[in-house]
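# Coordinates only, no sequence provided:
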Ligand code: SF4
Ligand code: SF4
């Protein structure tokens, strides 16, 4: 499975990765706060990830790393 990891405490909850994901599987965690006080982004259905890295490309703060399955 492709792996998407977030450096949660760098996230500012801007939501750009949420709109960038073609599979609509990235969402802000409404029930969590990071150390900066923002709702961090997370992948809600990792099994649907196609490893396109659009989320990582869009993130202005380099929070996201995508490791594509080979
Ligand atoms: S790698 Fe692509 S499909 Fe996977 S979470 Fe990021 S934008 Fe969505
Ligand atoms: S684009 Fe980056 S900073 Fe913005 S919500 Fe997504 S992970 Fe967080």
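Yep, it's here. Values in this document were obtained by computation on a predicted structure and should not be read as measured data. Ligands and ions are numbered 1, 2, ... in the order given.

# show me where the protein has helices.
16-20, 54-58 (DSSP state H).

# Residue 61 - how many residues pack around it?
A total of 12 residues lie near residue 61 under the criterion other C-beta atoms under 10 Å. (Glycine included, C-beta is placed from N, CA and C.)

# Ok, residue 42 next?
18.

# which stretches of the protein have low pLDDT?
Applying pLDDT under 70 to the chain flags no residue at all.

# Contact residues of it facing ligand 1?
Residues of the chain lying close to ligand 1 (C-beta under 6 Å from any ligand atom) are 4, 20-21, 23, 25-26, 43, 49-55, 66.

# Highest neighbour count among those residues?
residue 55 leads these on contacts (other C-beta under 10 Å) with 26 neighbours.

# Could you tell me which residues make contact with it?
By C-beta atoms under 8 Å, 6 or more residues apart in numbering, residue 55 lies in contact with 4, 17, 20, 21, 26, 41, 64, 66.

# Max pairwise distance over these: which two?
41 and 66 (12.8 Å; C-beta to C-beta).

# For the nearest residue to residue 49 once chain neighbours are set aside, the count of nearby residues, please.
Of all residues not flanking residue 49 in the chain, residue 2 sits nearest, at 4.5 Å (C-beta to C-beta, 6 or more residues apart in numbering). As a burial measure, residue 2 scores 17 neighbours (other C-beta under 10 Å).

# these two touch, right, residue 2 and residue 53?
No. Counting by C-beta atoms under 8 Å, residue 2 does not reach residue 53; the two are 9.2 Å apart.

# Give the residues shared as contacts by these two.
In contact with both residue 2 and residue 53: 66, 68, using C-beta under 8 Å, 6+ apart.
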